[in-house]
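Enquirer: need the 3D shape of this:
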Amino acid sequence: MANNTTNTTNSSSSSSSSCQPPPPIQYEPGGRRFRLSPAGLDNWMGWSLSIGHRPTAGISYWDMRFRGERVVYELALQEAYAGYGGPTPMQSHTQYLDSHWGLGSAYKELVAGLDCPVNAAYMDITSSYSSGPVTQRNAICIFELSLGHPLLRHWADAGGGPAYYGALPGSVLVIRAISAVYNYDYIQDLRLHLDGSIEVTVHTTGYVQSAWYSRARHGYKYGYPYWRDNSGTIHDHSLNWKVDLDVAGASNSVRLDQVIAQEELQDDDLGLGTMPWYSKQLVQHFPEHEAEASLYWNGSSKADPQAAPPPTLFYVVNEDKLNKWGSARGYRLQHTLTNAQVVPAPDKFGNSKAIGWSRYKVAVTARRENEPSSSSALNQPLPFAPAVDFEELLAESTNATATLTAAAAAGAGFSSQPVPQQSSTAGRRLSAADGDTDSAGTKPGNPLGDNIRKADLVLWVTSGLQHLPGSEDAPVTPAAGPPIGFWLRPFNYFDESAAVSQPDLVYIPALTVEAAQAAAGAAAAGDASFPLISAGELNSSKGSNDSSSTSIGRAGGASGPTGQQQSPGRDDVQVVVLADRDALIVARRGTQPYVGVPSEQQCQPDLAKVPVFNGSYAPYLSSSYNYTSVNGTNSSSSNSSGGAR
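Expert: Modelled structure (predicted):
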């Protein structure tokens with residue numbers, strides 16, 4: 001076997017150098033497609049939001065809107081927990097609550113080209129301390145990221161003739177900040193998607209906390225060695241977020257769709273007898289109280305922890321706002337990673353009272369102004385008597401209109417059909433004065449918690465992972481594998497996928513081979529204005545390729561060799577009529593118009609705006625990095641006074 005002693009280079013490169021070429025960089029042909037404001041994001045493909053910050057827990061997002069309609073009132077990281085095992089009491093009792101250790105004040109300047117793409121925009125973070133305000137420059141970066149795959153896509157044969165094709169290139173807007181809390185680095189992203197989805201991700205990196213290791217003494221009880229007399233012991237990471245959804249308004253309900261296998265009796269309409277058969281079915285549940293909607297890691301609820309529920313899908317819906325098809329508009333919660341907490345219960349291990357939220361993959365409460373957070377920076381010094389005990393948020397009802405029945409107390413308080421809302425506080429934000437106590441100053445005492453049917457709800461979402469370090473975690477843990485986090489995805493929120501009306505959508509109806517070849521030939525000759533027509537129109541014009549007899553087609557019009565097949569698509573947007581392999585090459589060359597964007601408004605690639613890579617990994621810090629703004633002028637980031645750039 002040959003021994004390669006030099007680095008492999010691109011065969012198309014004219015250079016004979018054996019050095020490793022630099023990595024790819026992002027390119028925005030028409031400049032940035034997002035617009036920032038001093039408060040946050042002003043607009044990207046219909047998205048807008050404001051950005052907040054706390055020096056304890058860090059970045060928060062407010063008033064998140066898609067196409068002008070609020071989806072999330074508040075989305076904020078609450079706590080990042082790391083709990084260890086180990087051969088000594090010190091190691092095994094190590095529990096870090098990083099809001100105490102400066103999770104929100106440990107954001108540092110991001111390095112362009114490494115922490116963020118070279119074409120990213122930046123914002124500062126300013127925190128107030130007893131000594132005065134402190135500003136971290138370029139601590140947040142915002143950039144559009146190509147996913148490298150289509151968000152929507154289909155290629156189909158048209159009755160044995162040429163294929164029709166449609167696709168939407170996948171891209172997301174990323175808002176990133178990285179907090180370096182001592183040995184941990186948390187890469188925190190908010191990703192906004194073209195279809196109205198929200199993705200929250202955290203990648204963990206940095207170096208692990210190690211412990212003395214003896215194979216003879218410890219074996220593999222606590223972990224594996226990755227250095228001489230040294231190992232990284234087993235530990236877990238759990239992060240908790242506050243998610244205040246406003247789905248088509250503030251009057252929301254939780255819906256749990258459980259998937260079951262149900263026996264059916266076959267009708268004898270076909271003379272086959274009445275043999276039973278099985279089908280997957282959905283069973284809808286609308287929890288009435290907080291404990292019924294607060295789910296442990298195994299899927300059971302706080303109201304009925306011994307139950308073994310079937311696969312369950314979790315939604316927040318507005319029962320009074322329906323889409324075109326009669327379904328309640330909603331958003332679905334999907335976890336990226338789930339991590340069952342193995343810390344003993346508080347009666348055996350008092351310190352676990354400080355992380356009560358970590359027992360749930362999602363907990364639900366009625367929103368109250370006097371319950372702003374699931375944790376506190378003061379929980380670290382007194383974990384057995386925490387300043388914020390999360391279980392108390394779920395312990396008893398503070399709503400005097402809530403009722404308790406024997407069935408509900410037994411964990412059977414689900415309703416399969418909507419029922420009238422009992423609380424007079426539904427649909428508006430609750431305050432500390434709304435039913436905190438009764439006239440005698442005591443709580444009404446419903447053990448299932450507040451009523452959450454058609455109420456203003458808060459989700460407390462937890463995601464995490466078990467980290468068992470290995471030798472590949474030295475010297476620094478790689479940020480590889482699935483991230484900690486979750487998705488919020490529209491479900492029956494729209495009448496159809498919101499992505500189909502994005503301007504990036506391309507649809508190519510079927511063409512004859514002759515028309516596709518003519519289009520490809522025109523593009524090869526440099527004619528970017530070559531008129532493109534559908535096969536049906538081509539037949540109607542007797543095959544003429546003359547520009548005077550052609551026009552751009554519209555979705556829903558005739559296509560295919562005979563002009564009889566209806567093109568799938570919308571009837572209110574302009575489409576591209578290209579097909580076949582050569583026509584796709586034309587599309588890649590930039591002559592492919594985008595749906596809904598007139599050709600005279602299309603941005604053509606501007607090579608002058610391609611970011612310049614300096615040939616090394618030298619950091620692009622603010623003291624030396626000049627970036628190009630949207631209008632093409634150069635501006636040094638060291639001269640900015642803060643805010644959005």
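Enquirer: just the CA coordinates for stretch 344-356, please, in CSV.
Expert: The C-alpha trace of stretch 344-356 is given here as CSV (Å, rounded to 0.1, in the frame of the first residue of the first chain):
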residue,chain,number,x,y,z
PRO,A,344,-31.7,11.1,44.2
ALA,A,345,-34.9,12.7,45.4
PRO,A,346,-34.7,15.6,47.8
ASP,A,347,-35.7,13.5,50.8
LYS,A,348,-32.4,11.5,50.3
PHE,A,349,-30.3,14.2,48.7
GLY,A,350,-31.3,17.7,49.8
ASN,A,351,-29.1,19.4,47.3
SER,A,352,-31.4,18.2,44.5
LYS,A,353,-34.1,20.7,45.6
ALA,A,354,-32.2,23.3,43.8
ILE,A,355,-32.8,21.6,40.4
GLY,A,356,-36.4,20.5,40.7
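Enquirer: may I see the buried residues of it?
Expert: Of the residues in stretch 344-356, those buried by neighbour count under the rule 16 or more other Cβ atoms under 10 Å are 346, 351-356. Any C-beta I mention is one placed from the backbone N, CA and C, and that applies to glycine too.
Enquirer: regarding the nearest residue to residue 93 once chain neighbours are set aside, what is its secondary structure?
Expert: Computed as Cβ to Cβ, 6 or more residues apart in numbering, the closest residue to residue 93 that is not its neighbour in sequence is residue 351, at 7.3 Å. Of the three states, residue 351 takes helix under DSSP: H, G, I helix; E, B strand; the rest coil.
Enquirer: I'd say residue 351 and residue 95 touch.
Expert: Yes - with contact defined as Cβ atoms under 8 Å, residue 351 reaches residue 95; the gap is 6.0 Å.
Enquirer: most widely separated two among the buried residues of stretch 344-356?
Expert: The widest separation within the buried residues of stretch 344-356, taken as Cβ to Cβ, falls between 351 and 356 and amounts to 11.3 Å.
Enquirer: ok, so of the buried residues of stretch 344-356, who is nearest residue 210?
Expert: Nearest to residue 210, judged by Cβ to Cβ, of the buried residues of stretch 344-356 is residue 351 at 21.9 Å.
Enquirer: okay if I get the buried residues of stretch 344-356 as JSON lines plus pLDDT and distance to residue 297?
Expert: As requested, the buried residues of stretch 344-356 are exported to JSON lines (pLDDT from 0 to 100; distance: Cβ to Cβ, whole Å):
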{"residue": "346", "pLDDT": "77", "distance to residue 297": "17"}
{"residue": "351", "pLDDT": "81", "distance to residue 297": "19"}
{"residue": "352", "pLDDT": "85", "distance to residue 297": "14"}
{"residue": "353", "pLDDT": "90", "distance to residue 297": "18"}
{"residue": "354", "pLDDT": "92", "distance to residue 297": "18"}
{"residue": "355", "pLDDT": "92", "distance to residue 297": "13"}
{"residue": "356", "pLDDT": "91", "distance to residue 297": "14"}
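Enquirer: any buried residues in the strand or helix carrying residue 319, and which?
Expert: With elements taken from DSSP states H and E, the one containing residue 319 is strand 312-322. Using 16+ other Cβ under 10 Å as the burial criterion, the residues of strand 312-322 that qualify are 314-320.
Enquirer: average pLDDT for it, rounded please.
Expert: Taken as a whole, strand 312-322 has a mean pLDDT of 97.
Enquirer: what's the answer for stretch 78-93, then?
Expert: Stretch 78-93 shows a mean pLDDT of 85 in the predicted model.
Enquirer: what do you get for stretch 480-488?
Expert: Stretch 480-488 carries an average pLDDT of 94.
Enquirer: distance between the ends of that stretch?
Expert: 22 Å (Cα to Cα, to the nearest Å).
Enquirer: neighbours around residue 132, how many?
Expert: Using other Cβ atoms under 10 Å, residue 132 has 6 other residues around it.
Enquirer: phi first, then psi, for residue 293.
Expert: phi -100, psi -10 (degrees, to the nearest 10).
Enquirer: can you tell me how far it is from residue 58?
Expert: Separation of residue 293 from residue 58 (Cβ to Cβ, to the nearest Å): 27 Å.
Enquirer: and these two? Which one has more around it.
Expert: When neighbours are counted by other Cβ under 10 Å, residue 293 comes out ahead of the other of residue 293 and residue 58, with 30 against 26.
Enquirer: for that one, give me the pLDDT.
Expert: The per-residue pLDDT reported for residue 293 equals 95.
Enquirer: next up, the contacts around it.
Expert: Residue 293 sits next to 254, 256, 287, 301, 362-364, 452 when contact means Cβ atoms under 8 Å, 6 or more residues apart in numbering.
Enquirer: one more pass at 10 Å, please.
Expert: With contacts defined as Cβ atoms under 10 Å, 6 or more residues apart in numbering, residue 293 is in contact with 253-256, 285-287, 301-303, 314, 316, 362-365, 414, 448-449, 452-453, 457, 459.
Enquirer: same deal with residue 383?
Expert: The neighbourhood of residue 383, defined by Cβ under 10 Å, 6+ apart, consists of 93, 95, 97, 346, 349-355.
Enquirer: please, which helix or strand holds the nearest residue to residue 238 once chain neighbours are set aside?
Expert: Nearest non-adjacent residue to residue 238, counting by Cβ to Cβ, 6+ apart: residue 464, 3.6 Å away. When secondary structure is defined by DSSP H and E, residue 464 falls within strand 457-467.
Enquirer: which stretches of the stretch 451-600 of the chain have low pLDDT?
Expert: 509-520, 522-524, 526-600 (pLDDT under 70).
Enquirer: overlap in contacts of residue 351 and residue 95?
Expert: Counting by Cβ under 10 Å, 6+ apart, the residues touching both residue 351 and residue 95 are 83, 343, 379-380, 383.
Enquirer: give me the subset of the residues you listed that lies in helices.
Expert: When helices are assigned by DSSP state H, not one member of those lies inside them.
Enquirer: confidence-wise, which of those comes last?
Expert: Going through the shared contacts of residue 351 and residue 95 one by one, the lowest pLDDT turns up at residue 343, 79.
Enquirer: hmm, residue 304 is touching residue 292, no?
Expert: Yes - using Cβ atoms under 10 Å, residue 304 is in contact with residue 292, at 7.8 Å.
Enquirer: neighbour-wise, which of those two wins?
Expert: residue 292 (26 against 16).
Enquirer: distance of the more buried one relative to residue 329?
Expert: Here residue 292 is placed at a distance of 22 Å from residue 329 (Cβ to Cβ).
Enquirer: and residue 506, what are its bridge partners?
Expert: For residue 506, the beta-bridge partners are residue 167 (DSSP bridges).
Enquirer: next, count neighbours for it.
Expert: Quick note: residue 506 (other Cβ under 10 Å) scores 21 neighbours.
Enquirer: that one and residue 150 touch, don't they?
Expert: Yes - using Cβ under 10 Å, residue 506 makes contact with residue 150 at a distance of 9.4 Å.
Enquirer: common neighbours of these two, please.
Expert: When contacts are counted by Cβ under 10 Å, 6+ apart, residue 506 and residue 150 have 166-169 as shared neighbours.
Enquirer: so which of these comes closest to residue 245?
Expert: Nearest to residue 245 among the shared contacts of residue 506 and residue 150 is residue 168, at 25.5 Å by Cβ to Cβ.
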